[in-house]
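Engineer: Sequence and predicted structure are below.
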Amino acid sequence: MTVRAILVIARLNGRIQDSPLQKIMKRNFKIWRGDKNGGQFVDYRTNIEPGMVVLDVLHRIQAESAGDLACRWNCKAGKCGSCSMEINGKPRLSCMTRMNSFKEDETITLQPLKTFPIMRDLVTDVSWNYRQKEKIVPFRPKPRDADGNYRMTRDDVERIQEFRKCIECYLCQDVCHVLRDQGGKDQFVGPRFMIYLASLEMHPLDTADRIPAIRKEYGSGFCNITKCCTEVCPEHINITDNGIIPLKERVVDRYFDPVMWVKRKIFGV
Amino acid sequence: MGEYKIRPYIMTDISEITTFEHDVIIVGAGGAGLRAAIESCHQGLSTGVVCKSLLGKAHTVMAEGGMAAAMGNVDARDNWKIHFRDTMRGGKFLNNWRMAERHAKEAPDRVRELEEWGAVFDRTLSGLISQRNFGGHRYPRLAHVGDRTGLELIRTLQDYAIHQGMKCYMECTALDLLKDGERVSGLVGYFRETGRFVIFKAKAVVFATGGAGKAWQVTSNSWEYTGDGYGMAYEAGADLMDMEFTQFHPTGMVWPPSVRGILVTEGVRGDGGILLNNKGERFMFGYIPPKFAAETADTVEEANRWLAGDKSARRPPELLTRDVVARAINAEVKGGRGSPHGGVFLDIASRVPADVIKKKLPSMYHQFKELAELDITKEPMEVGPTCHYFMGGIRVDPDSQMSTIPGLFACGECSGGMHGANRLGGNSLSDLIVFGRLAGLGAKEYVRSLKNSPRINESQVFSIIKRATSILNREKGTNPYLVHEDLQKVMQDNVGIMRQEEEMKKALIELERIKESVSQVKAEGTSQYNAAWHKALDLRNLLISAEAVTRGALMRQESRGGHARLDYEGERDEWLAYNVVSRKGSDGKMVVEKIKRPEPPEELKKIAYAKIEDLEIGKI
């Protein structure tokens, strides 16, 4: 036991007692209710207790006054990516959005992700995303080393582990202009699957070549690097800088580098 | 708002219900379910996966620390025998010997296989899969990815499985099994989006439905953990075994209230975190059980040497098995030495540099920062026990994973036997991939052996649907949310970490009362993505699970692993010979009985009771 830890504990004992988290108050909410045939915002009012997140509020409203209010959730710890919705117009995980991040008199508006078709209330049909993943050429590993193991360096692994942190909450897909406003779902797989592609393409053991498909079927050219996806990522993945831009560069190297172009014309590779 | 008028769901004709037919239906798409599905596909069987959530969201994502496999990448002294011995000792020797053996032997191959399917584990300096220390494991043994190993496991299995030919039915909840005579013929479920019922016709059904932690107030489990597999298997006549063994993970978050129960990985302690009471005392030194004394450090100095990598030093007491640590924390809090919010302090800030904490425990850093406004690189966390895992479950054959009902298989947390009285951290993820695969193989053997296809019995279908629709159709009734809270309170207050006869008897009376409420439960609204209806339907399974735990706990008059009795302290040798099994009696009431365990093979017994040095040098 260090002196420092004792001091920290003493401070913690004191601090928590008068934490601002303790206040209980009534708050107002507007929640979109309806299904694919239409709907409207409905007002709710309920008590907020210390430390609550938006998902807690939804559970409370379900138990108190709207038993059939539809919302998706699972882990309630920011690990599964189920409870995505638009909170005051911003795509967020409701389990990681703390009530004390809003002003005390602010009405909080909850609505479903705009980019995907509505199922009911706050739940949308995200099956389009599952179809995109199925389209992508899966991992194809090289053979193991003679002793039956694979070897990878820490640096190589860390680079793709960033992308593999993705919890598939699809907030990046929701906010992507190509998918959200430009009706580009037939042409572009979206940021989530660009970093999925990056995790495969940069995987030290992978042998498949997805560059032609990244350019054509997966539509890398549609992303115009506004970085909105990176901003909303709850896992703080550098989607644009570390994932999408390097893939765009690989496409450019392959198709638009004059030396490579001549080589391809002559040798057909 | 015309959509919100009550529109009762009335069934008229079975031909209105869609039927999907597969050789094998797997219920649950966590690690075990997906591994079973992959195996079933590889064996050439038509495979359907039914899951309550979207694919890839299962509770497996919550697993943090890693998966245990004696690969010996970090300490070459490790081998399957030592992993087996650790598992048996952790499980207080109540484990199914054969399952613990297969698990220890097969886990390394299953982990390597994951790598072939794309998993990206943390590496050693030489580029191999790195392994970390964990409670109860003699050597660094957990293959891991920071503190998000479960996510890596499920994503790897998911991304691989979707290319193996399985059909996935997402957001579809299984209601009950269908039987043709004694054997399984499929099941009835409903799609959450529409509330439409669906029949799955299958030759074999594999349950990979997880546990039932949602029967307690403070739990690390997600909403899906409502004991569906236990409830459905029980109703169909299967045996549930060892249900009294519920693991309370020692370190769940305790503050703020809305996150109470969320897991704080054991990796914090594995990487050097220590537990302190409000006096700043490192109290775990006072709780070392005699059985582990020879292998546990008894001074701070020795514990520090171990952490620094001194191989001759013994392990710190914070890394004792979960049952021991959870009870110690409970005792500190009850003794008035707890933290302000009824937990104890977990300090890694003063032990490990901030950048190392962020690198090794990124999710924990993130979780506390965002949910509790606490920087774990600067301040200690407040933690306390949380209901985490069911060691018990559906009684299965250790090799085929088939239950006592022909054609019904179970794997992962919903099956019993592998972990005995207490599960070691890290043995769960390896359990999923070892026994998921075995369940797929078992299903294949069974399907191949069938002479004719089982038939669907329509009257069974109707009675299942009637039970479900009555919740929407009745005029008025109890509120499913309140009934659930009621049940959670009863279990939390009476069947928690420390148990005694009087409280458990009281719990049984309360459970009878709740049974009445459940039979009168009413969900307002339509069948379309109706949260109240979904919850109401889960209640029966939660209640069956809670009753099985309580009756088992009442019968077992000793304290062993995850089951601790104030009125029967300590392990009693006579109880080591028995498992407690519950099943549905002919009068519809739960029957509980002691069944004699089979004698272990001599060779395994020798390994389990061997001195560690003999196993290290290969003498045994």
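Structural biologist: Ah, there it is.
Engineer: Any figure for the gap between the residue of chain A at minimum distance from chain B and residue B:385?
Structural biologist: Nearest residue of chain A to chain B (C-beta to the nearest C-beta) works out as residue A:51 at 2.1 Å. C-beta here means a position set from N, CA and C on the backbone, and glycine is covered the same way. As judged by C-beta to C-beta, to the nearest Å, residue A:51 and residue B:385 stand 19 Å apart.
Engineer: between those two, which one's more packed in?
Structural biologist: residue B:385 (27 against 22; other C-beta atoms under 10 Å in any protein chain shown).
Engineer: Can you pull the phi and psi angles for that one?
Structural biologist: The phi and psi values for residue B:385, taken as degrees, to the nearest 10, are phi -60, psi 150.
Engineer: mind listing what it touches?
Structural biologist: B:218, B:248-252, B:326, B:329-330, B:497 (C-beta atoms under 8 Å, 6 or more residues apart in numbering or on different chains).
Engineer: Break down the stretch 501-620 of chain B into its strands, ranges please.
Structural biologist: B:564-565, B:578-584, B:590-596 (DSSP state E, counting those that start in this stretch).
Engineer: Let me see the mean pLDDT of the second one.
Structural biologist: In other words, strand B:578-584. For strand B:578-584, mean pLDDT rounds to 98.
Engineer: for it, packing partners?
Structural biologist: helix B:228-235, strand B:240-241, helix B:531-555, strand B:590-596 (3 or more C-beta pairs under 8 Å, 6 or more residues apart in numbering or on different chains; DSSP states H and E).
Engineer: The third one to strand B:578-584, inter-axis angle?
Structural biologist: Think helix B:531-555. Here the directions of helix B:531-555 and strand B:578-584 differ by 140 degrees (axes from the mean of the first three to the mean of the last three C-alpha atoms, to 10 degrees).
Engineer: Give the other helices and strands that helix B:531-555 contacts.
Structural biologist: Secondary-structure packing of helix B:531-555 (3+ C-beta pairs under 8 Å, 6+ apart): strand B:172-180, helix B:228-235, helix B:458-473, helix B:480-494, helix B:501-519, strand B:578-584, strand B:590-596.
Engineer: from the chain's centre, how far out does it sit?
Structural biologist: How far helix B:531-555 lies from its chain's middle: 15 Å, per C-alpha atoms, centre = their mean, to the nearest Å.
Engineer: Same question for the first one.
Structural biologist: How far helix B:228-235 lies from its chain's middle: 15 Å, per C-alpha atoms, centre = their mean.
Engineer: Can you spell out the domain ranges of the chain, please?
Structural biologist: Since you didn't name a chain, this refers to chain A. A:21-124, A:127-142+A:152-267 (automatic domain parsing).
Engineer: right idea, wrong chain: chain B
Structural biologist: B:18-247+B:388-449, B:252-385, B:458-574.
Engineer: can you put those in TSV and add distance to residue A:115 and mean pLDDT?
Structural biologist: Output for the domains of chain B, formatted as TSV (distance: least, C-beta to C-beta, whole Å; pLDDT from 0 to 100):
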stretch	distance to residue A:115	mean pLDDT
domain B:18-247+B:388-449	16	97
domain B:252-385	24	93
domain B:458-574	19	96
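Engineer: tell me the most buried of those?
Structural biologist: domain B:18-247+B:388-449 (a mean of 25; mean count of other C-beta atoms under 10 Å in any protein chain shown).
Engineer: Now look at it and say if it contacts chain A.
Structural biologist: Yes. Contact between domain B:18-247+B:388-449 and chain A is present through B:53-59, B:61-62, B:112, B:115-118, B:120-123, B:125-129, B:145-146, B:148, B:150-152, B:155, B:159-160, B:162-163, B:170, B:193, B:222-224 (criterion: C-beta under 8 Å from any C-beta of the partner chain).
Engineer: picking up where we left off before, could you dump the domains of chain A into JSON lines and include mean pLDDT and distance to residue B:557?
Structural biologist: JSON lines is the format used below for the domains of chain A (pLDDT from 0 to 100; distance: least, C-beta to C-beta, whole Å):
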{"stretch": "domain A:21-124", "mean pLDDT": "94", "distance to residue B:557": "37"}
{"stretch": "domain A:127-142+A:152-267", "mean pLDDT": "96", "distance to residue B:557": "45"}
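Engineer: and the nearest residue to residue B:489 once chain neighbours are set aside, what is it in contact with?
Structural biologist: Distances taken as C-beta to C-beta, 6 or more residues apart in numbering or on different chains place residue B:217 nearest to residue B:489, at 6.3 Å, with adjacent residues excluded. Each residue near residue B:217 by C-beta under 8 Å, 6+ apart is listed here: B:261, B:488-489, B:491-492.
Engineer: one more time with 7 Å, if that's ok
Structural biologist: The contact partners of residue B:217, taken as C-beta atoms under 7 Å, 6 or more residues apart in numbering or on different chains, are B:488-489, B:492.
Engineer: likewise residue B:612?
Structural biologist: residue B:138.
Engineer: Kindly recompute the last result at 10 Å.
Structural biologist: B:77, B:82, B:85-86, B:138, B:294-295 (C-beta atoms under 10 Å, 6 or more residues apart in numbering or on different chains).
Engineer: So residue A:82: helix, strand or coil?
Structural biologist: In three-state terms, and counting by DSSP: H, G, I helix; E, B strand; the rest coil, residue A:82 is coil.
Engineer: quick one, phi/psi of it?
Structural biologist: Given degrees, to the nearest 10, the pair of backbone angles that residue A:82 has is phi -90, psi -30.
Engineer: how near is the residue in the stretch 151-300 of chain B that chain A sits nearest to to residue B:371?
Structural biologist: Residue of the stretch 151-300 of chain B nearest chain A, by C-beta to the nearest C-beta: residue B:256 (2.1 Å). Distance, residue B:256 to residue B:371, by C-beta to C-beta: 8 Å.
Engineer: Can you work out which residues contact both of those two?
Structural biologist: Shared contacts of residue B:256 and residue B:371, defined by C-beta under 10 Å, 6+ apart, are found at A:51, A:53, A:98.
Engineer: Can you give me the neighbour number for the second one?
Structural biologist: When counting by other C-beta under 10 Å, one arrives at 25 neighbours for residue A:53.
Engineer: Could I get the contacting residues of residue 116?
Structural biologist: Answering for chain A, as no chain was given. Shown in contact with residue A:116 (C-beta under 10 Å, 6+ apart): A:84, A:123-129, A:170, A:173-174, A:179-180, A:185.
Engineer: I was thinking of chain B, sorry if that wasn't clear
Structural biologist: A:139, A:141, A:143-144, A:150, A:205, B:156, B:160 are the contacts of residue B:116 under C-beta under 10 Å, 6+ apart.
Engineer: Tell me which two in the residues you listed are the farthest apart.
Structural biologist: A:143 and B:156 (18.8 Å; C-beta to C-beta).
Engineer: Isn't the residue of chain A closest to chain B up against residue B:374?
Structural biologist: No. Counting by C-beta atoms under 10 Å, residue A:51 does not reach residue B:374; the two are 11.1 Å apart.
Engineer: Overlap in contacts, the two.
Structural biologist: Counting by C-beta under 10 Å, 6+ apart, the residues touching both residue A:51 and residue B:374 are B:253, B:255.
Engineer: Just put the contacts of residue A:116 in CSV and tack on distance to residue B:183.
Structural biologist: As requested, the contacts of residue A:116 are arranged in CSV below (distance: C-beta to C-beta, whole Å):
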residue, distance to residue B:183
A:84, 42
A:123, 37
A:124, 40
A:125, 37
A:126, 37
A:127, 34
A:128, 39
A:129, 38
A:170, 41
A:173, 44
A:174, 46
A:179, 48
A:180, 51
A:185, 45
